[in-house]
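Novice: all I have is the shape, not the residue letters:
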């Protein structure tokens, strides 16, 4: 029987109970269980949200990296989000992927959340609107979206409790919207009102406007809660455990049928998409895709200050100093499941060099200060013996003679390995991608490459391994982690500090033989699933901190313009760890202050997925927020700096002056919490809603972003509210500047007569439009009943109360240009969507 010839009901009727149960759990990390005897094939899943990794953490096929979600959110551009979704759909098809685990729409309660960069905004409307466009674009290509993580998943603290039974990172996937009406799993921790108005609202919008095929969540009552599929496999909560629940009549056969029918429906959609089952994985790299990546990178940039009109840079700029720890490496994304191996990258330095060449400007670069948590990966500095990028890895199931030898007569000759493979990177998480038919989890590994420094000098080289390991350079041991190996613990997504050494007098451009040998025998037995361990290797030229800042100051003084590129990276912002504070790493703040003193014509670019503290903000006349810009970060940034693109991004997050001002500060992470619980004490007052009600000025408000143009608002009109709560807001915008640009008009609604406490105003709509100099356009933003309502947890219903409502239109939450009002004649209520 071929599944493609059967409808869901007919197929379900022919399955026995064990086969139905088999459908409800995963086969490994990225596939569902097939039922071959019924003609049911295995669907393929892949991580997102800013790229399609494919089926392997280790040795995956390279992918396009799009701007991280806070960057896409800062564009306020639903058309761009739709195009990004379409492109991700093409990438899924190239990797034979049926379901993408994206987008993420969790609200950022705190700047410290490790995965804050993965969601679009602190505001539920913006979050949901961008997500809906993204999903519609993705699903237009026949790929199923999985919106996540349902619900109120906004911190990494106590995310995982280590025990032999809980180490598997289990998720459940609902293949319908029914979980939106499920009981509140956070009773007593987050109020029902906050849940409905803030944390559930992006999911609600996406289900209403885009109908994603799946929703990712985590709960133990999964079958009766309407959750269909447990991933990854092997099963923890399904399989034999579900069979026992059936025997005990805790679950009924009809419950299984309901869940299995949903999985079969998704399988039918996967078949109809034409995406092959168990098909090949490939990359996409076309001129059109590169242009989209570049546009998305530029549109995600927010101009925060341009007090002297230094930007855009002109042809008169002839000497440029590029300085900073984020200038030379390409920080394409945050860390964790969002990180992937990019098809290519363009760093800020590369983008600036190319743009400067076009205008005949000279560029000099120096790092100024370092900011890494781990040493930067070796990737751009390593080649295999045949000249191809990357390294060569060999695996043995028995320890080769003298494999962990460390004495000076080290001999690299070893017997033939059980298996070998080239690899493109130096961050090898070997949870998959190893031929397990040939290599046991307990194994011995050699990683060999040609390491070519790009500068003369002393170099810091560092390693992180699970187990024992040694590092050799040109046959001489430089790091010994076998004589006294570090304590062995189970890898859970966060590595301990790397072990480093300084190698003196390396020559830029000269290739050195670099070899890492790993003994995995003490580590592998700890893992409850096959895991060949972790190897992470990095290097950076060792610099004296004082000398580095002095050189940066000297470069700045002799230049027409200095460009400082600073910020965080995928080590600081990552799944598995929340940040400890909002500070920029290392000596970054001192570097910025001294360069600003040396040359007032300095452009400071901060690159981070979430807010950082900016103590020198009053010293800097020119400041941009770049977020993580994906493959084309460098070109997108250069396009903004040199005026090819007029910046139009707006902050999707409030930037506080200090961490203590954030509304979640008293109850985020380990503050004000009980073990295993999260208390959302700020209620509905998240982000800008809290700053406004407390009359506390942030550093930069929600929705803020400057342009090289100026825009004038006029002619506000608000239509009467219909009986169903719908009304329209109309106005005009005129470009009064000298160059074309794009403006994001934001519509807020206030309810001064509410019977319950409410935010002073809330974003209820927005529009982005292109205007040439002197051009004027009319804008109409349609609003619905949710623009007027609040959730009344006393009666478990939405309420739109009779009375007057303020309508405010502006360029940001703190820059209101037009004000009006409208009136609802009669209170009405409703439940559900």
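Specialist: Received it, and whenever you're ready, just let me know what you need. Here the structure is a predicted model, which means the values were calculated and not measured. Residues are numbered from 1 along each chain as shown.

Novice: all strands for the stretch 301-450 of the chain, in order.
Specialist: Assigned strands in the stretch 301-450 of the chain, in chain order: 302-306, 319-323, 362-366, 382-383, 391-396, 419-423, 427-429, 444-451 (criterion: DSSP state E, counting those that start in this stretch).

Novice: highest mean neighbour count out of those?
Specialist: strand 319-323 (a mean of 24; mean count of other C-beta atoms under 10 Å). Every C-beta, even on glycine, is put in place using the N, C-alpha and C of the backbone.

Novice: contacts for it?
Specialist: Strand 319-323 is contacted by residues 313, 348-349, 352, 356, 361-368, 552, 555-556, 558-565, 591, 595, 599 when judged by C-beta atoms under 8 Å, 6 or more residues apart in numbering.

Novice: can you do 6 Å?
Specialist: Strand 319-323 has contacts (C-beta atoms under 6 Å, 6 or more residues apart in numbering) with 349, 352, 356, 361-366, 368, 552, 555-556, 559-564.

Novice: same deal with stretch 419-430?
Specialist: For stretch 419-430, contacts defined as C-beta under 6 Å, 6+ apart pick out 57-59, 377-379, 389-395, 435, 438-439, 532-537.

Novice: for it, measure first residue to last.
Specialist: 14 Å (C-alpha to C-alpha, to the nearest Å).

Novice: rewinding a little: right, and the strands of the stretch 301-450 of the chain - which one's nearest residue 45?
Specialist: Of all these, strand 427-429 sits nearest to residue 45, with 17.6 Å by C-beta to C-beta.

Novice: quick revisit: quick one, which of the contacts of strand 319-323 are buried?
Specialist: Among the contacts of strand 319-323, the ones that count as buried by 16 or more other C-beta atoms under 10 Å are 349, 352, 356, 361, 363-366, 368, 552, 555-556, 559-564.

Novice: looking at those, which are in helices?
Specialist: Residues of those located in helices (DSSP state H): 349, 352, 356, 552, 555-556.

Novice: among those residues, which one sits closest to residue 457?
Specialist: Closest approach to residue 457 among those (C-beta to C-beta): residue 552, at 16.0 Å.

Novice: show me the contacts for that closest one.
Specialist: Residue 552 makes contact with 323, 366, 368, 595 under the criterion C-beta under 6 Å, 6+ apart.

Novice: mean pLDDT for the strands of the stretch 301-450 of the chain: which is lowest?
Specialist: Here the strands of the stretch 301-450 of the chain differ in mean pLDDT, and the lowest is strand 427-429 at a mean of 94.

Novice: listing partners with orientation, what would you give for that strand?
Specialist: Here strand 427-429 has these sheet partners by DSSP bridges: strand 534-541 (antiparallel).

Novice: where does the nearest residue to residue 758 once chain neighbours are set aside fall, phi/psi-wise?
Specialist: Excluding the flanking residues, the one nearest residue 758 by C-beta to C-beta, 6 or more residues apart in numbering is residue 751, at 5.1 Å. Torsion angles at residue 751 (phi, psi; degrees, to the nearest 10) stand at phi -130, psi 80.

Novice: relative to residue 762, how far out is residue 751?
Specialist: 9 Å (C-beta to C-beta, to the nearest Å).

Novice: could you point out the helix or strand that follows the lowest-mean-pLDDT helix or strand in the chain?
Specialist: Every helix and strand in the chain was compared by mean pLDDT, DSSP states H and E; the lowest is strand 171-174, with a mean of 63. Where DSSP states H and E defines the elements, the next helix or strand beyond strand 171-174 is helix 192-194.

Novice: now do the next helix or strand after that following helix: which elements does it pack against?
Specialist: For helix 192-194, the following helix or strand on the C-terminal side (DSSP H and E) is helix 201-209. For helix 201-209, the packing partners by 3 or more C-beta pairs under 6 Å, 6 or more residues apart in numbering; DSSP states H and E come out as helix 124-139.

Novice: redo that, cut-off 8 Å
Specialist: helix 124-139, strand 144-150 (3 or more C-beta pairs under 8 Å, 6 or more residues apart in numbering; DSSP states H and E).

Novice: picking up where we left off before, residue 733: which of the strands of the stretch 301-450 of the chain is closest?
Specialist: When the strands of the stretch 301-450 of the chain are ranked by proximity to residue 733 (C-beta to C-beta), strand 302-306 comes first, at 18.1 Å.

Novice: helices or strands up against that closest one?
Specialist: strand 622-625.

Novice: off-centre distance for the strand it packs on?
Specialist: Mean-position distance between strand 622-625 and its chain equals 21 Å (C-alpha atoms, centre = their mean, to the nearest Å).

Novice: hey, where'd the helices end up in the stretch 1-150 of the chain?
Specialist: In the stretch 1-150 of the chain, the helices defined using DSSP state H, counting those that start in this stretch lie at 8-13, 17-23, 69-74, 78-94, 124-139.

Novice: whoops, the stretch 401-550 of the chain was the one
Specialist: For the stretch 401-550 of the chain, the helices defined by DSSP H, counting those that start in this stretch occupy 545-557.

Novice: low-confidence stretches in it?
Specialist: 408-412, 488-494 (pLDDT under 70).

Novice: am I right that residue 571 falls within a helix?
Specialist: No: judged by DSSP: H, G, I helix; E, B strand; the rest coil, residue 571 forms no part of a helix; its state is coil.

Novice: the closest residue to it other than its chain neighbours and residue 586: what is the separation?
Specialist: Leaving aside its sequence neighbours, residue 571 sits nearest to residue 373 (C-beta to C-beta, 6+ apart; 3.7 Å). According to C-beta to C-beta, residue 373 stands 10 Å off from residue 586.

Novice: same check, this time on residue 418
Specialist: From residue 418 over to residue 586 the distance is 43 Å, taken as C-beta to C-beta.
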